[in-house]
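[1] Here is a sequence together with a model predicted from it:
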Amino acid sequence: MKKVIKKVMTLLLIVSMVFVMTACKSKDEASILIYDGQFSEMRIIHQMVKLLVEEKTDIKVTIGEEMTPVNTYNELTKERCDLFNSYDGTLLTTYLKQDVSDVTEGMTLYDYANEQAMAKDGTRLLAQLGTDNTYAIGVTKEVAQEYGVTTISGLVPVADELIFGAEHEFFSEEGSMKFNPLSEFYGLEFKEVKPVDIGLKYSAVENGMLDVTIVYTTDGLNKKAGLIVLEDDREYFPDYNGALLVRDNLFEELADVEPDLEEILNELGGTMNNAMMTDMTYDVDVNGKTPKEVAEKFLKDVGLIS
């Protein structure tokens with residue numbers, strides 16, 4: 001009997017040691033994996049994370065291949081990546097497949113989405129960065145001048161004369177902030193609807209192939225293409241407050257290497273606004289600077305790295 005107990009105790013000890021070894025990473029193997037985004041804003045933020053973490057800790061940050069946000073979130077929930085730049089509106093409507101109307105009365109969208117994500121997937125948003133990169137509808141200057149539209153509702157009586165185009169993802173059924181729900185909500189019936197490659201959307205606008213498109217409020221290409229952003233007068237689109245989205249157990253895994261990792265990442269909180277991010281994306285998309293160059297300048301300007 002004593003031999004059996006001894007064997008059981010030895011086995012439990014081995015199991016516990018394996019658990020500790022797998023749960024915690026040593027200094028030499030401490031790393032963070034981020035899959036890069038399809039937009040300059042995400043790429044810039046990811047470079048900020050790499051520069052900040054690698055200067056202040058012994059953790060190596062790897063920025064991997066580009067993925068769609070939905071695929072990246074799936075990798076996050078499967079613990080095959082560690083964090084990426086996201087938005088509370090995206091977390092709620094695209095990843096959790098809920099709507100603004102589901103938000104508990106008295107709670108912010110940010111707090112509600114975080115609560116739901118933790119309960120369902122073990123993921124959560126860190127401190128808000130200060131940007132609100134929500135969806136918006138943009139029209140060409142010619143459309144704005146000819147029809148005098150300043151709001152999305154103003155498009156309704158003239159939509160049948162206009163061509164709408166957007167990236168393929170905006171026509172998917174992943175979440176409520178997509179083309180069909182938007183069209184039904186506002187009663188928009190366009191002359192023609194064109195899904196386009198995300199890299200060609202702004203070229204299509206500048207070449208006169210599209211009259212109306214979906215844009216993001218912090219995208220510097222809006223300025224380059226001369227788009228007029230319409231007022232969302234019926235408040236269809238929710239806030240899309242930028243924040244790092246992480247798997248919660250990341251900090252436990254790296255606690256022995258850097259117990260203050262969450263606090264270090266949260267140093268990015270509140271450091272930027274929409275105008276600043278628009279200028280940064282413009283520098284990448286129009287002026288030809290790299291996301292790393294733009295990120296490094298910003299972090300130095302705000303005193304987060306030397």
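    Happy to help now that I have it. This is a predicted model, so every value here is computed, not measured. Residues are numbered from 1 along each chain as shown.

[2] Now do the strands in the stretch 51-200 of the chain.
    Along the stretch 51-200 of the chain, counting by DSSP state E, counting those that start in this stretch, strands occupy 60-66, 83-87, 123-132, 135-139, 163-167, 192-196.

[3] and the end-to-end length of stretch 148-160?
    With Cα to Cα, to the nearest Å applied, stretch 148-160 spans 16 Å between its terminal residues.

[4] same thing with stretch 73-91?
    Stretch 73-91: ends 9 Å apart by Cα to Cα.

[5] thinking again about what came up before, can you say which of the strands of the stretch 51-200 of the chain is packed in most?
    Compared across these, strand 83-87 shows the largest average neighbour count, a mean of 26 (mean count of other Cβ atoms under 10 Å). Quick note: C-beta positions are derived from backbone N, CA and C, even for glycine.

[6] Sort out which residues of stretch 239-259 are buried, please.
    Using 16 or more other Cβ atoms under 10 Å as the test for burial, stretch 239-259 gives 239-247, 250-251, 253-254, 257-258.

[7] Lowest-confidence member of those residues, which is it?
    Ranked by pLDDT, the buried residues of stretch 239-259 bottom out at Asp239 (87).

[8] surely it meets Leu109?
    Yes - contact criterion Cβ atoms under 8 Å: Asp239 and Leu109 qualify, at 5.8 Å.

[9] so what sits against both of these two?
    Overlap of the contact sets of Asp239 and Leu109 (by Cβ atoms under 8 Å, 6 or more residues apart in numbering) consists of Asp88, Gly89.

[10] one step back: for Tyr147, state which of the buried residues of stretch 239-259 is nearest.
    Tyr240 (27.3 Å; Cβ to Cβ).

[11] before we move on, back to that, closest one to Ile264 among the strands of the stretch 51-200 of the chain?
    Across those, Ile264 has its closest neighbour in strand 123-132 (10.4 Å, Cβ to Cβ).

[12] what are the bridge partners for Val215, then?
    With beta bridges defined as DSSP bridges, Val215 has these partners: Ala136.

[13] Give me the pLDDT value at it.
    94.

[14] Now do the contacts for it.
    With contact set as Cβ under 8 Å, 6+ apart, Val215 has these partners: Tyr135, Ala136, Ile137, Gly138, Asn222, Leu227, Val229.

[15] Please apply the same query to Asn222.
    For Asn222, the contact set (Cβ under 8 Å, 6+ apart) comprises Gly138, Val215, Val229, Thr278.

[16] Could you measure from it over to Glu29?
    Taking Cβ to Cβ, to the nearest Å as the measure, Asn222 falls 42 Å from Glu29.

[17] for Asn274, same thing?
    38 Å.

[18] between those two, which one's more packed in?
    A direct count of neighbours by other Cβ atoms under 10 Å for Asn274 and Glu29 places Asn274 higher, at 15 against 10.

[19] Quick check: phi and psi on the more buried one?
    Backbone torsions of Asn274, given as degrees, to the nearest 10, read phi -60, psi -40.

[20] and the residue nearest to it when sequence neighbours are not counted, what are its phi and psi?
    In space, and not counting its chain neighbours, Asn274 is closest to Thr218: 5.2 Å by Cβ to Cβ, 6 or more residues apart in numbering. Reported as degrees, to the nearest 10, the phi and psi values for Thr218 are phi -100, psi 10.
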